[in-house]
Structure formats: C-alpha cells, structure tokens
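In: what would the 3D arrangement of this be:
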Amino acid sequence: MTLKPFDERYSSGKKARAENARAVLMNLNRQAGGIQEGLVVPVAPPAIPGIGTTGGFEFWIQDTVAGEPARLDELTQQFLAKARRRPELTGLSTTFRATAQQLSADVNREKANLLGVSVKDVYSTIQAQFGSLTASQYNEFSRVWWVVLQSEPKYRQDPSDLTRLYTRSNQGEMVPLSALVTTRWVKGPDLLPHFNGFPASKVNGNPAPGYSSGQAIAAMEEVAREILPQGYTFAWSGLAFEEKKSGGTSSLAFLFGLIIVFLVLAAQYESWTLPGTVMMAVPFGVLGALTANWLRGLENDVYFQIGLLVLIGLGAKNAILRVSFAVELRKQGKSIMEATIEAGEQRLRPIIMTSLAFALGVLPLAIAMGAGANARHSIGTGIIGGMIGETTLAMLYVPLLFYLFDRLSERGKAKKEKQSGEKTPDGGNTPEGASPEKAEDT
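Out: Below is the predicted model of the structure:
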C-alpha cells in the first residue's frame, strides 16, 4: 500500500505525527485485530529493499527434531504470549498456523482408471479452478509475459463449485469431477516453511518506542531460551541477522573516535593530563543525547549513533576553549585556581554562542516532516540534547577536572624535581654513608 504524498496528507490541517507511516500502520493493526474471518497482519516494507521481506525483525523458531507441526505451533504461541509481555517488543505476529481450516480433495484412483481419466488431469483441473496454472508465455515490449489460468473469484469461493468442473477421458468423453473426487474439511498447516533446512515458524516484530533494535533482539533471545525445549532452536534473518553479524562495530567506531581525538590533543598540548580533561566533557554530551532521545521516545538507531560521533568533536571543542585559555594563563604565572576561575568566566560567552548556534542549526532536523523524517529526528534530537548536556554540566565539571588534573601534574613534576635534586651534579648518586655536603666537596 502506497500512502498519499505528504502535501496531500498534511494540507487538511491534521497533525503530521498522526498521519506518518508508523501511525497509519498502528491504526491498521488495531482495525485488523477485529477481523475474525482471517489473520490480517499489516507490516511495513524493509528499511533496505532486498534484505528481508518486512520491516522490523524476522525471528525463526526451528524444529530440528522433525516433530509434529502442531507442537511447533504450540511452542510458537507460547513464545508469543511471553514475548508480548516484554516492554522492549511490539507488533509481534506470526502467520504460521497448524490448525488452519482446509478442504481436502480425495481422488478415487480406481474409478478414474475405469473411466479412462488421468489422475494428473484431475489435479490440473482442480489447480486451474481453485489455484492457478501456468499455460504458456509470450514476448511483448521486450519482456516475457506468462499466461496463467485461473477462475474468477465468484466461481471458486465454495466447495460446491467443484461439481461444475469436468475433465476429458481418453475416449473423448467429459467426466464430472464430482464422480471422482470427494471433499472433506480437515485441520492442518496451510504452509510449512523451512529455514536452514528445518521446519520453522517465522515471527515478525518491531522494537517498542524508546528501545533500540539491539535491546529487542536481546529480549527475543532471552524469551526463546526460556520457552524452547531441547530440539528447538532459533535463528534470525533480514536486517536483524545483518545487525547480529556486524554487532559491536558502532561501539568500536565510537571508541576509536575517542582515541584519535585524545591522541591529537596529546600531541597538541604535549601532555597526557590536559587531553584527559578535555575528553571528560564527552560523557556529559552522551548523557544529554540519551536523555533527549528517551524523552522523545526515539530509537537508538544508526542515525543516533552517528550523532554521538559528532558529539565527540563538539564536546571536545567546548572543553578546549576553556582548557587552552587556562593553559595560557598558567604560562603567564597565575595560580591554578586563578587560571581556572578566569578561564571559566572569559570563555563562558563564546561557548554558549557556539553551542547555541550549532543547536539552532540542527533544530530543523529534530522537527523535520516528510520522507526520512525519522532518521533526521534521531540525529537532530541527539545532537541538541548532547549540546545542552555539554554546555550545562560540563560548564561546572570541566573547570573542576582541570584544577584536579593540573594539581596532580604539578605534584608529579615537584616529585621528579625533588628526586633529581638528591643526585650529584655529575649525575651520580650520593656515595653510601656520606652526607650530601661531603659529596659536594668531593
């Protein structure tokens, strides 16, 4: 189903939030839940075409012992019942049913043989009437078109429609199928899919608002380990499988970003303590980004993680404005306390101005509407929250950390100078049993 263009949906004055794809899908799910005649599960398309068949995640419960389909259906329903109680998950559904109502057609082969009717022709006739049968193909407009036989829907809605079908015998006579076929209602699986070579049932779902796909994956696996007995396993497909395969790469990217920024600052300041002071501003930005993302009910997706990488540079920039100014004041002979206080006062206005300018620059991302708005919401909200956290919390703690680290550095230098003062001018140690004065006379 293709939604109307954004201009047509939003021109009526309704809120855009109530008419985006997620809201429409939730509304359809509520309406489809009241349909008793069948199982209707509206799903979103996959985020990346070709990877998976639906949006969200695809989870498979595998029967490795080749048990009965009814047992697989029972375990699937038990799994869904418990998984739906988890706050990390929403929209859980499955199309696997082992007790679907089915019409079984039994062909009397002996009678068909007496009447000269091929059993293959009987099945082909039933297939063309109630299913579809490929008859031929032809080329037109540089494409191959298939000729498919199928009756109109009104002629294949009732089992009695089978009585109007005829097939030809080897003597050229038309034989009614009602003379050869008897029907009965049975229960069984309408489809029996296989995954990794095993009978399996597929469960579709989505992370709940405010939870990441990684948290949803962990919750599904935890429920599966509690429910599934020996001989039944689980597996992933689609985007969830790719996420599991590449899990941890975003954390490594963030870690390497921190290391590279730290090494660059260490080379600039020729110190290991001052870069530590600068980098301590980054956790406050991450805390602000996570808080803002949680307050808006957004997911911890890849776009939000890109925003966290941006916050490494932004947080370091604000701390550098304070630390570099305090270092210059220290070179002018001011004490640690004086340099820390003056740097905090003098650099306050530039920090607020640059942070406010950047936050206003990404504000359109946080309030965007239209195609791809969810991605822009994640990165915009994360950066704005991170800038607020870095500007407010780091404003208080970065000067304190600079003071503490600088004091530790001064103590370390004083200790080294004291140890070097105990040595003789020629670099040798004081002789054992002699006083420093006598050593100097020597």
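In: hey, let's count contacts and neighbours off CA atoms from now on
Out: Noted.
In: how about residue 104, secondary structure?
Out: strand (DSSP: H, G, I helix; E, B strand; the rest coil).
In: show me the shaky parts of the protein.
Out: 6-20, 22, 37, 47-53, 247-248, 370-371, 412, 421-442 (pLDDT under 70).
In: repeat that for 50
Out: Scanning the chain for pLDDT under 50 picks out 13, 424, 427-442.
In: the longest helix in it is where?
Out: Counting by DSSP state H, the longest helix found in the chain is helix 373-421.
In: for it, packing partners?
Out: Packing partners of helix 373-421 (3 or more CA pairs under 8 Å, 6 or more residues apart in numbering; DSSP states H and E): helix 273-279, helix 282-295, helix 302-331, helix 336-346, helix 348-366.
In: how many neighbours does the closest residue to residue 194 other than its chain neighbours have?
Out: Leaving aside its chain neighbours, residue 194 sits nearest to residue 200 (5.2 Å; criterion: CA to CA, 6 or more residues apart in numbering). Using other CA atoms under 10 Å, residue 200 is surrounded by 27 other residues.
In: which residues are in contact with the helix or strand where residue 200 lies?
Out: Assigned by DSSP states H and E, residue 200 falls within strand 198-207. With contacts defined as CA atoms under 8 Å, 6 or more residues apart in numbering, strand 198-207 is touched by 54-64, 66, 72-73, 76, 88-96, 192-194, 213, 215-216.
In: report the buried members of those.
Out: For those, a neighbour count by 16 or more other CA atoms under 10 Å gives the buried set as 54-64, 72-73, 76, 88-94, 96, 213, 216.
In: so which of these are in strands?
Out: The strands in this structure, assigned by DSSP state E, contain 57-63, 89-94 from those.
In: out of the residues you listed, which is nearest to residue 142?
Out: Taking CA to CA as the measure, residue 142 lies nearest residue 58 of those, at 36.5 Å.
In: OK, contacts around the closest one?
Out: Counted by CA under 8 Å, 6+ apart, residue 58 has contacts 52, 202-205, 236-240.
In: for it, name its beta-bridge partners.
Out: Beta bridges link residue 58 to residue 204, residue 237, judged by DSSP bridges.
In: excluding chain neighbours, what is closest to the residue nearest to the spatial centre of the chain?
Out: By CA atoms, centre = their mean, the chain has its centre lying nearest to residue 213, at 3.4 Å. Setting aside the residues directly before and after it, residue 213 is nearest to residue 207 in space (CA to CA, 6+ apart), at 5.6 Å.
In: what about the one you found, how many neighbours?
Out: Close neighbours of residue 207, defined as other CA under 10 Å, add up to 22.
In: ok, residue 418 next?
Out: Residue 418 has 11 nearby residues by other CA under 10 Å.
In: do residue 302 as well
Out: With other CA under 10 Å as criterion, residue 302 counts 14.
In: can you check residue 277 too?
Out: When neighbours are counted by other CA under 10 Å, residue 277 registers 23.
In: list the residues that contact it.
Out: Listed by CA under 8 Å, 6+ apart, the contact set of residue 277 reads 319, 323, 398, 401-402, 405.
In: and it, how far is that from residue 54?
Out: Residue 277 is 47 Å from residue 54, where distance means CA to CA, to the nearest Å.
In: show me which pair in the contacts of residue 277 is furthest apart.
Out: 319 and 405, at 13.8 Å, using CA to CA across the contacts of residue 277.
In: re the thing from before, show me which of the contacts of residue 277 is closest to residue 381.
Out: Checking the contacts of residue 277 against residue 381 with CA to CA, the nearest one is residue 319 at 21.6 Å.
In: what's the domain layout of this protein?
Out: As recorded under the TED database, the domains making up the chain are 41-92+194-245, 101-188, 271-412.
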